[in-house]
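Student: Sequence unavailable; structure follows:
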């Protein structure tokens, strides 16, 4: 279990390295290797993007790498509003809004719970807290399949199975170990004197949390938001099982689009749908940069 | 004071207990409370489908972890050579990790499709006999899935390793240069062992994701061709929700849980020891 919440940021180093930057064969080799790798990592994205703007005739004839002769945005329009996901043919826009409806409350709730847990564990040090926390951390590694079915039964008994609150609750439960770990470790770095001073000034549990700790948590909040938004957006299995027909997230609908099409497979539409589904996490990744790395280093345990 | 934590104990411990309990009952469609000993486990390990899924996940796991580590390490080392455009390269290598397994699977399903993807493209270039049909071949389909998964996760390993490399003191490099040790030797004999904690973390994270692997298989092959890419995660889901075999599925998930615990135990022990000895991680 990581005892540190975040890996050291991968910052560009400024100190001197025992290496020259002349064009020696070794340098050329380095660049060649990196270039080949970059091509390997980029070509699926390239293929996906150009396929999504080709008309079907070109896909049937041409190869996957060739640039489109006639660029069309029709596949994107179809993917968004008229492609069939299973039985309905309303595009994946519904899935997009479902995903947002799931991600927003799940992110807020799981972070709030994680922050509260971490705060309580770090400063109030309840009896048995360490033991509870240890068990919780094991929970981060338990395969979903082990605890999924009992939760299905429990949720059904509470009649929240297949509802929006149900899926939000399940994300909160599965997000709790990592979120708690993240905040506990962050609060461990805040001097205890600060907390004691607030106690002397008459602050209670909630007051100290809301007025002192939460405002101080901004850096870790950013990491937590990135982790939870990308993680929950990309979730497939929980959405598939718990979301219910009316709230299927985008990933599940995307899979339905591609694996249930009857008749000719509209590859361009499929690829446009895939791009659309990946836009949100990719956007977060590109915008947040180094924060994203911290987030995954802290949260990769959630896998 | 910690009602949420108590809930989690119920949600985690309670459910695990429930799964184990059901795994020793004769439950099929509905959970029942009789006791049949290890009958479900006997049935499980007599099931060819389960054995096949275990074999598949081992093949997948070995290739996936080895490839991720090698590629991730090489990328980190090469990127650490003060190359131009480092930021861009890092972005390029890591972006697949931001994408879902479903999207990853779908992209690679498309690229590897023998009729339309790489194979047909290379054939069209004049190499008529070129074959690259892993995804449609029973004994190679796991390689295809591993390829997609490596593409998705190698960047993560790179990020972890890069953080480790950046933590190594510059004086080590100066000393090695004064002693005239070739760079590759420094990497192999000194740097690699120093990256031990990063590598350990990466291996644990990758292993756990191997045990859980599900989405990418569903998106790429749905377990096919035939049953050739069946994996335990999918076996459990199918038996839980498709084939009404709750007892069997619970037995299988208990096996998975034990596997994860077995993977974690040495790592947690090592970390706890390192922490006690005042190691920085």
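Tutor: Structure's in. What do you need? Remember, it's a predicted structure, so these values are computed and weren't measured experimentally.
Student: From now on I want contacts and neighbour counts done on CA atoms only, so please keep to that.
Tutor: Fine.
Student: Find the residue closest to residue A:183 in space, skipping its chain neighbours.
Tutor: Nearest non-adjacent residue to residue A:183, counting by C-alpha to C-alpha, 6 or more residues apart in numbering or on different chains: residue A:118, 4.8 Å away.
Student: Show the contacting residues for that neighbour.
Tutor: Contacts for residue A:118 (C-alpha atoms under 8 Å, 6 or more residues apart in numbering or on different chains) come out as A:180-185, A:187.
Student: The same query, at a cut-off of 10 Å, please.
Tutor: Residue A:118 is in contact with A:112, A:124-125, A:133, A:179-188, counting by C-alpha atoms under 10 Å, 6 or more residues apart in numbering or on different chains.
Student: And for residue A:170?
Tutor: By C-alpha under 10 Å, 6+ apart, the residues touching residue A:170 are A:106, A:110, A:148, A:151-152, A:155, A:161, A:164, A:176, A:238-239, A:242-243, B:11.
Student: Please convert those residues to JSON lines, extending it with secondary structure and neighbour count.
Tutor: Putting the contacts of residue A:170 into JSON lines (DSSP: H, G, I helix; E, B strand; the rest coil; neighbours: other C-alpha atoms under 10 Å in any protein chain shown) gives the following:
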{"residue": "A:106", "secondary structure": "helix", "neighbour count": "25"}
{"residue": "A:110", "secondary structure": "helix", "neighbour count": "27"}
{"residue": "A:148", "secondary structure": "helix", "neighbour count": "24"}
{"residue": "A:151", "secondary structure": "helix", "neighbour count": "19"}
{"residue": "A:152", "secondary structure": "helix", "neighbour count": "19"}
{"residue": "A:155", "secondary structure": "helix", "neighbour count": "19"}
{"residue": "A:161", "secondary structure": "coil", "neighbour count": "21"}
{"residue": "A:164", "secondary structure": "helix", "neighbour count": "21"}
{"residue": "A:176", "secondary structure": "helix", "neighbour count": "28"}
{"residue": "A:238", "secondary structure": "helix", "neighbour count": "19"}
{"residue": "A:239", "secondary structure": "helix", "neighbour count": "27"}
{"residue": "A:242", "secondary structure": "helix", "neighbour count": "26"}
{"residue": "A:243", "secondary structure": "coil", "neighbour count": "25"}
{"residue": "B:11", "secondary structure": "helix", "neighbour count": "21"}
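Student: re earlier: for the residue nearest to residue A:183, which three-state class applies?
Tutor: Here residue A:118 is recorded as helix under DSSP: H, G, I helix; E, B strand; the rest coil.
Student: returning to what we had before: compare the contacts of residue A:118 and tell me which has the most neighbours.
Tutor: For the contacts of residue A:118, the largest neighbour count, defined by other C-alpha atoms under 10 Å in any protein chain shown, is 30 neighbours, found at residue A:179.
Student: which stretch of helix or strand covers that one?
Tutor: Here residue A:179 sits within helix A:164-188, counting by DSSP states H and E.
Student: For the helix or strand following that helix, give the mean pLDDT please.
Tutor: For helix A:164-188, the succeeding helix or strand toward the C-terminus, using DSSP H and E, is helix A:192-200. For helix A:192-200, the mean per-residue pLDDT is 88.
Student: now helix A:192-200: how far from the chain's centre is it?
Tutor: Mean-position distance between helix A:192-200 and its chain equals 35 Å (C-alpha atoms, centre = their mean, to the nearest Å).
Student: do the same with stretch A:63-75
Tutor: 30 Å.
Student: what about it and chain B, any contact?
Tutor: Yes. Using C-alpha under 10 Å from any C-alpha of the partner chain, stretch A:63-75 reaches chain B at A:63-66.
Student: that older thread, out of the contacts of residue A:170, flag the one nearest to residue A:270.
Tutor: Proximity of the contacts of residue A:170 to residue A:270 (C-alpha to C-alpha) peaks at residue A:239, which lies at 20.1 Å.
Student: Does that closest one touch residue A:231 like I think?
Tutor: No. Using C-alpha atoms under 10 Å, residue A:239 is not in contact with residue A:231; the gap is 11.9 Å.
Student: what residues do those two have in common as contacts?
Tutor: Shared contacts of residue A:239 and residue A:231, counting by C-alpha under 10 Å, 6+ apart, come down to residue A:171.
Student: State the number of residues packed around residue B:127.
Tutor: The burial count for residue B:127: 12, using other C-alpha under 10 Å.
Student: now the helix or strand in which residue B:108 is found: mean pLDDT?
Tutor: If you go by DSSP H and E, residue B:108 is part of helix B:101-112. In this model, helix B:101-112 has a mean pLDDT of 88.
Student: And that helix, what does it pack against?
Tutor: Applying 3 or more C-alpha pairs under 10 Å, 6 or more residues apart in numbering or on different chains; DSSP states H and E, one finds that helix B:101-112 makes contact with helix A:25-52, helix A:218-234, helix A:250-259, helix A:267-288, helix B:86-98, helix B:118-124, helix B:141-166, helix B:215-220.
Student: What's the mean pLDDT across the first one?
Tutor: Throughout helix A:25-52, pLDDT has a mean value of 88.
Student: roughly how far is it from the heart of the chain?
Tutor: The answer for helix A:25-52 is 25 Å, by C-alpha atoms, centre = their mean.
Student: Compute the inter-axis angle for it and helix B:101-112.
Tutor: 100 degrees (axes from the mean of the first three to the mean of the last three C-alpha atoms, to 10 degrees).
Student: Check the fifth one too.
Tutor: Angular relation of helix B:86-98 and helix B:101-112 on a 0 to 180 degree scale: 100 degrees, by the same axes, to 10 degrees.
Student: what about residue 257, how many residues close to it?
Tutor: No chain specified, so I'll use chain A. Here the number of neighbours of residue A:257 (other C-alpha under 10 Å) works out to 27.
Student: you looked at the wrong chain, it should be chain B
Tutor: 23.
Student: Would you mind measuring from it to residue B:104?
Tutor: Separation of residue B:257 from residue B:104 (C-alpha to C-alpha, to the nearest Å): 26 Å.
Student: Residue A:156 too?
Tutor: Residue A:156 is 32 Å from residue B:104, by C-alpha to C-alpha.
Student: Name all residues that make contact with residue B:147.
Tutor: By C-alpha under 10 Å, 6+ apart, the neighbours of residue B:147 are B:60, B:63-64, B:67-68, B:108, B:141.
Student: Neighbour count and secondary structure added to those, as JSON lines?
Tutor: Formatted as JSON lines, these follow (neighbours: other C-alpha atoms under 10 Å in any protein chain shown; DSSP: H, G, I helix; E, B strand; the rest coil):
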{"residue": "B:60", "neighbour count": "24", "secondary structure": "helix"}
{"residue": "B:63", "neighbour count": "17", "secondary structure": "helix"}
{"residue": "B:64", "neighbour count": "26", "secondary structure": "helix"}
{"residue": "B:67", "neighbour count": "19", "secondary structure": "helix"}
{"residue": "B:68", "neighbour count": "27", "secondary structure": "helix"}
{"residue": "B:108", "neighbour count": "23", "secondary structure": "helix"}
{"residue": "B:141", "neighbour count": "24", "secondary structure": "helix"}
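Student: which one among those residues gets closest to residue B:220?
Tutor: residue B:108 (7.2 Å).
Student: Which residue is the nearest non-sequential neighbour of the closest one?
Tutor: Counting by C-alpha to C-alpha, 6+ apart, the residue nearest residue B:108 is residue B:148, at 6.1 Å.
Student: Which pLDDT value does the model give the one you found?
Tutor: For residue B:148, pLDDT reads 92.
Student: for residue A:63, phi and psi?
Tutor: Recorded main-chain torsions at residue A:63 are phi -90, psi 170, according to degrees, to the nearest 10.
Student: Kindly report the same for residue A:85.
Tutor: phi -110, psi 100.
Student: now residue A:88
Tutor: phi -90, psi 150.
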